[in-house]
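Visitor: dropping a prediction and its sequence here:
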Amino acid sequence: MNSRRQHDDEASDVADLERVTSDDGDVAVAVFAPALLLTIEIHRNSDDRTDVHLHAGGQGYWVSRMIQALGVRAIPCGAVGGEPGEALRAIIAADGLEARLTPMSTPNAVIIDDRRDGEPRSLARTDIQSLGRHDVDELYSSIVGAAMRAGVCVLTGTQLAPMFDTDTFRRLVTDLKHNDITVVADLCGEPLRAALAGGVDVLKLSHEEFIADGWASSSGVDAITSGIERLRGAGAAAVVVSRSDRSTVVGFEDELVEVKAPSLEVLDGRGGGDSMTAALAVAAAHGMAFTAGLRLAAAAGALNVSRHGLGTGRRDSIEEIAEHVEIRPVKRRGASSPAPLGDRANLLDETKQELYERARELEIPQRSKMTRDELISAIDDAIIGR
């Protein structure tokens, strides 16, 4: 990416980010949210009294909340049943989401955590239940209709519970793509492989999911970029891999880039990835340039983990943070572009095994005989000299 093109892209990104500040009632995103949860949390308030909070939960719900926070109508489609389902209906309605909730024959899962001492202590958890054949038909019809209305659809998973045949994801993506609907997927495991067979426009993964699914052997940039190329070959047009507090690695069109948001202290590490997914979908719904969507996604993820509450954040703050997100091309072997963004600064945070994997990717000799400090020094020298 030459400097003139980078300058033009950044100017376009700023213009696109400004578009998000204008509400448009016709802009919407459908969200496939099959695994809705009822969460009950026990907290201690400022005067040491006990508070009990009831929330809707599940990946699809948290994605929907951030879409709504960014000024776009979210249309989550899920199934509710039993007493937990009745509570979920009331909570989701109170949140102002235009949800399409189909009845199911089994109750929604419930999670009860005691957070009075800061760290959550699990008191009770019920299982996510499988859906009956007619329940799946109703849920499928619901999401197809909502996606036709919106033009952009986010697919979220089932927390790896076997709620229905995973081929449903392939069929759903295929049907959506045949009708020119933009598909943003936040999936892993077998649901991801099924969705890839249909072809997704944007895929969001965490580096933990990326490694667990066998797309990469480590969280190093070189390993991630190699896995991204395999995923793109398998059916994903663009792949976004978040790496906790390190740079996000992205492959799209003919580009491989790293994305770095301003550093904010983490209060709750959950939900950052879901917020990124939501922002990517919002960008697609607004027709923004993909790089502008990456800036918005990085900002949404960074702000969300600095707050209490999943899928939350101030829209104006996210847009302001987005203007300070840095995007740089990934260094390919033999190229003359800069060293990977943020990697040298993060070497001290990596385990010896991660350092060894990075050294192997850089083809550093004698790496197996090096101490951890020697690996850091050799990797640093290799990055500078590439």
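Guide: Done, it's in.
Visitor: how near is residue 240 to residue 250?
Guide: Separation of residue 240 from residue 250 (CB to CB, to the nearest Å): 5 Å. (C-beta placed from N, C-alpha, C; glycine too.)
Visitor: now the common contact residues for the two.
Guide: Shared contacts of residue 240 and residue 250 (CB atoms under 8 Å, 6 or more residues apart in numbering): residue 294.
Visitor: any idea which element the residue nearest the centre of the chain lies in?
Guide: The centre of the chain sits closest to residue 273, judged by CA atoms, centre = their mean, with a distance of 3.3 Å. Assessed by DSSP states H and E, residue 273 sits inside helix 272-286.
Visitor: how far does that helix sit from its chain's centre?
Guide: 8 Å (CA atoms, centre = their mean, to the nearest Å).
Visitor: can I get the CA coordinates of it in PDB?
Guide: Extracted in PDB, the C-alpha atoms of helix 272-286 (Å, rounded to 0.1, in the frame of the first residue of the first chain):
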ATOM      1  CA  GLY A 272     -15.000  -7.400  22.400                       C
ATOM      2  CA  GLY A 273     -15.100  -9.800  19.500                       C
ATOM      3  CA  ASP A 274     -18.900  -9.600  19.300                       C
ATOM      4  CA  SER A 275     -18.700  -5.800  19.200                       C
ATOM      5  CA  MET A 276     -16.200  -6.000  16.300                       C
ATOM      6  CA  THR A 277     -18.600  -8.300  14.400                       C
ATOM      7  CA  ALA A 278     -21.500  -5.900  15.000                       C
ATOM      8  CA  ALA A 279     -19.500  -2.900  13.700                       C
ATOM      9  CA  LEU A 280     -18.400  -4.800  10.600                       C
ATOM     10  CA  ALA A 281     -22.100  -5.500   9.900                       C
ATOM     11  CA  VAL A 282     -23.000  -1.900  10.500                       C
ATOM     12  CA  ALA A 283     -20.300  -0.800   8.100                       C
ATOM     13  CA  ALA A 284     -21.600  -3.200   5.400                       C
ATOM     14  CA  ALA A 285     -25.200  -1.900   6.000                       C
ATOM     15  CA  HIS A 286     -24.000   1.700   5.400                       C
END
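Visitor: tell me what it is packed against?
Guide: Applying 3 or more CB pairs under 8 Å, 6 or more residues apart in numbering; DSSP states H and E, one finds that helix 272-286 contacts helix 3-20, strand 28-32, helix 59-69, strand 152-156, strand 182-186, strand 200-206, strand 236-243, helix 290-304.
Visitor: worst mean pLDDT among those?
Guide: Taking each of these in turn, the one with the lowest mean pLDDT is helix 3-20, at a mean of 53.
Visitor: could you point out which element follows the lowest-mean-pLDDT helix or strand in the chain?
Guide: Lowest by mean pLDDT, DSSP states H and E among the helices and strands of the chain is helix 343-346, with a mean of 49. Under the assignment DSSP H and E, the closest C-terminal helix or strand after helix 343-346 is helix 352-361.
Visitor: for the helix or strand just after that next one, buried residues please.
Guide: Counting by DSSP H and E, the next helix or strand C-terminal to helix 352-361 is helix 372-385. Residues 375, 376, 378, 379, 382, 383 are the ones in helix 372-385 that count as buried (16 or more other CB atoms under 10 Å).
Visitor: relative to residue 54, how far out is the first one?
Guide: In other words, residue 375. 49 Å.
Visitor: quick revisit: quick one, the helix holding residue 273 and strand 182-186 angle?
Guide: Angular relation of helix 272-286 and strand 182-186 on a 0 to 180 degree scale: 180 degrees, by axes from the mean of the first three to the mean of the last three CA atoms, to 10 degrees.
Visitor: what is the rounded mean pLDDT of the helix or strand where residue 87 lies?
Guide: Assigned by DSSP H and E, residue 87 belongs to helix 82-94. When pLDDT is averaged over helix 82-94, the result is 96.
Visitor: tell me what that helix is packed against?
Guide: Using 3+ CB pairs under 8 Å, 6+ apart: helix 82-94 touches strand 37-44, strand 50-57, strand 73-80, strand 100-103.
Visitor: name the residues that touch it?
Guide: So helix 82-94 is contacted by 36, 38, 54-56, 61, 76, 79-80, 99, 101, 103-104, 106-110, 126 (CB under 8 Å, 6+ apart).
Visitor: please save the CA atoms from that helix in CSV.
Guide: The C-alpha trace of helix 82-94 is given here as CSV (Å, rounded to 0.1, in the frame of the first residue of the first chain):
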residue,chain,number,x,y,z
GLY,A,82,-40.5,-22.1,28.9
GLU,A,83,-40.3,-19.6,31.8
PRO,A,84,-36.8,-18.4,30.8
GLY,A,85,-38.2,-17.6,27.3
GLU,A,86,-41.0,-15.5,28.8
ALA,A,87,-38.5,-13.5,30.7
LEU,A,88,-36.3,-13.1,27.6
ARG,A,89,-39.3,-11.8,25.6
ALA,A,90,-39.9,-9.1,28.2
ILE,A,91,-36.2,-8.1,28.5
ILE,A,92,-35.6,-7.9,24.8
ALA,A,93,-38.8,-5.9,24.3
ALA,A,94,-37.7,-3.5,27.0
